[in-house]
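I would like to see how this sequence folds:
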Amino acid sequence: MCRSIQTLYNVQPAASREEARAAALQYVRKISGYRKPSVANEAAFERAVDEIADVTWQLLGRLETAAAPRVREHVHA
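Numbers count the residues shown, from 1 in each chain. Next up is the predicted model:
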């Protein structure tokens, strides 16, 4: 789907809220077809990014695993 979205779960160093928001932004861009929305759609676009970022962060906090964290080669902080 979105090749630039990185795995955020069970990685070391741990993912940040900023990374969750960046992933949400890429997702909204992909499904809306907008890289930058028009003024008329800007509020809806930003709200979607914020809501998806929040839900993503909640999901990351709720997932459980016994596997050791994967070491990330590239960290985009």
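
how about the strands in the chain?
Residue ranges of the strands in the chain, as given by DSSP state E, are 11-12, 70-71.

please enumerate residues in contact with the last one?
Contacts to strand 70-71, defined as C-beta atoms under 8 Å, 6 or more residues apart in numbering, come from residues 7, 10-12. All C-beta spots, glycine's among them, are computed from the backbone N, C-alpha and C.

swap the cut-off to 7 Å and go again
Applying C-beta atoms under 7 Å, 6 or more residues apart in numbering, the contact partners of strand 70-71 are 10-12.

closest one to residue 32 among the strands of the chain?
Nearest to residue 32, of all the strands of the chain, is strand 11-12, at 27.1 Å by C-beta to C-beta.

figure out how far the closest one is from the centre of its chain.
Averaging C-alpha positions (C-alpha atoms, centre = their mean, to the nearest Å) puts strand 11-12 15 Å from its chain's average.

residue contacts, the residue nearest the centre of the chain?
The chain has residue 23 as the residue nearest its centroid, 2.4 Å off, counting by C-alpha atoms, centre = their mean. Counting by C-beta under 7 Å, 6+ apart, residue 23 touches 5, 8, 56.

in TSV, list the strands of the chain along with distance to residue 62.
Shown next, in TSV, are these (distance: least, C-beta to C-beta, whole Å):
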stretch	distance to residue 62
strand 11-12	16
strand 70-71	19
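
mean neighbour count and mean pLDDT for those strands - can I get that in CSV?
Output for those, formatted as CSV (neighbours: other C-beta atoms under 10 Å; pLDDT from 0 to 100):
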stretch, mean neighbour count, mean pLDDT
strand 11-12, 14, 92
strand 70-71, 10, 92
